[in-house]
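Asker: Below is the sequence, then the predicted model.
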Number of protein chains: 2
Amino acid sequence: MNYMLHAIGLAELAINNDEVPVGAVLVNNEQIIAQAHNTCKANNHSLQHAEMLVIQQAIENLKTPYLETCTLYVTLEPCPMCAAVIAQARVGKVIFGAYDPKSGGIEHGPQIFKHSHFQPQIIGGVLESQCAELLKNFFLKKR
Amino acid sequence: MNYMLHAIGLAELAINNDEVPVGAVLVNNEQIIAQAHNTCKANNHSLQHAEMLVIQQAIENLKTPYLETCTLYVTLEPCPMCAAVIAQARVGKVIFGAYDPKSGGIEHGPQIFKHSHFQPQIIGGVLESQCAELLKNFFLKKR
């Protein structure tokens, strides 16, 4: 299964709810253990980014604080908050789609993993143009 | 009312539960709208830092994404995750006790607010020795 395509599907669902189209899937042993898109708008909640939601779901469902064996697929480079959440929850691997020069926290801004005690494996730019296109179209329509 | 003393009281409660003694209080219009200590151990949850908990409580209770008019009192310099949560939720002012050279995220490490779109007012070192002493004694007993 292509988990990034699944995350893109979640991001497309977000658009229907007028949410910024970012989707995330958390995978453990080739199984999806949590999935989400942003719900900041629907829930009037500034912290409900897709990555934050799937990591919280996984911790609560698995009743474990750390997710070293998990891989996070997310359509956009995580922001500093989500990158720091990834470090705190020790998510073993992060695969993201589009880069985010303005608000990203891995390759950009505070570059969280250059300072964190825990560093996940990182692969960026997976299905990059498809992930970026969703965001570009969403924000173009907002103008 | 001395809100930092109140936060220290919460940190002391944490010790009774064998939690790292950090307490946080969120104040709006001279009223405490949320209070917490770390519950990482009790809930087996790596993200349940005191600051994260009070900010989530406030967003959910007030049904507002942003907390510009609020002041966060916390006994320890927030970590990168909590500092980024503060920026994301736009908490107007942060007053913290002890500095945390090893794991802090404001004055140390990724220095979150040097990169964030939103910067709160910051006052560090309030009742510093009292806040630091709690942590020092807690970890001494752990050896």
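Answerer: That came in fine, so what should we check first?
Asker: For A:Leu10, list the residues it contacts.
Answerer: By C-beta atoms under 8 Å, 6 or more residues apart in numbering or on different chains, the residues touching A:Leu10 are A:23-25, A:35-37, A:50, A:75. Every residue, glycine included, has its C-beta placed from N, CA and C.
Asker: One more pass at 10 Å, please.
Answerer: A:21-25, A:35-38, A:50, A:54, A:73-75 (C-beta atoms under 10 Å, 6 or more residues apart in numbering or on different chains).
Asker: Narrow those to those in strands?
Answerer: Of the contacts of A:Leu10, the ones assigned to strands by DSSP state E are A:23-25, A:35-37, A:73-75.
Asker: could I get the residues you listed as CSV with pLDDT and distance to B:Val94?
Answerer: Converted to CSV, these look like this (pLDDT from 0 to 100; distance: C-beta to C-beta, whole Å):
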residue, pLDDT, distance to B:Val94
A:Gly23, 98, 32
A:Ala24, 98, 28
A:Val25, 98, 33
A:Gln35, 98, 33
A:Ala36, 98, 28
A:His37, 98, 30
A:Tyr73, 98, 33
A:Val74, 98, 28
A:Thr75, 98, 31
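Asker: and stretch A:98-112, C-alpha only, in CSV?
Answerer: Output of stretch A:98-112 as CSV, limited to C-alpha atoms (Å, rounded to 0.1, in the frame of the first residue of the first chain):
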residue,chain,number,x,y,z
ALA,A,98,6.0,19.0,0.1
TYR,A,99,8.7,21.2,1.7
ASP,A,100,7.5,24.2,3.6
PRO,A,101,10.1,27.1,3.5
LYS,A,102,7.7,29.5,5.3
SER,A,103,6.6,27.4,8.3
GLY,A,104,8.4,24.1,8.2
GLY,A,105,10.4,23.0,11.3
ILE,A,106,12.6,20.2,10.0
GLU,A,107,14.6,21.6,7.0
HIS,A,108,13.5,25.2,7.8
GLY,A,109,13.0,27.6,10.8
PRO,A,110,14.3,26.2,14.0
GLN,A,111,15.4,22.9,12.4
ILE,A,112,14.1,21.0,15.4
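Asker: now that stretch, how far from the centre of its chain.
Answerer: With C-alpha atoms, centre = their mean, to the nearest Å as the basis, stretch A:98-112 stands 12 Å off its chain's centre.
Asker: out of the contacts of A:Leu10, which touch chain B?
Answerer: For chain B, no contacts are drawn from the contacts of A:Leu10 by C-beta under 10 Å from any C-beta of the partner chain.
Asker: Can you tell me which of the residues you listed is nearest A:Lys136?
Answerer: A:Pro21 (9.9 Å; C-beta to C-beta).
Asker: how close does that closest one get to A:Val74?
Answerer: Here the criterion is C-beta to C-beta, to the nearest Å. By it, A:Pro21 lies 12 Å from A:Val74.
Asker: A:Ser46 too?
Answerer: For A:Ser46 relative to A:Val74 (C-beta to C-beta), the value is 18 Å.
Asker: Among those two, which residue is more densely surrounded?
Answerer: Using other C-beta atoms under 10 Å in any protein chain shown as the criterion, A:Ser46 and A:Val74 rank with A:Val74 on top: 30 against 19.
Asker: wait, the more buried one sits on A:Ala50?
Answerer: Yes. Contact criterion C-beta atoms under 10 Å: A:Val74 and A:Ala50 qualify, at 6.2 Å.
Asker: Check the contact lists of these two and give me the overlap.
Answerer: A:7, A:10-11, A:22-25, A:36, A:82.
Asker: ok, which stretches of chain A are helices?
Answerer: For chain A, applying DSSP state H gives helices covering A:3-16, A:50-62, A:80-88, A:128-142.
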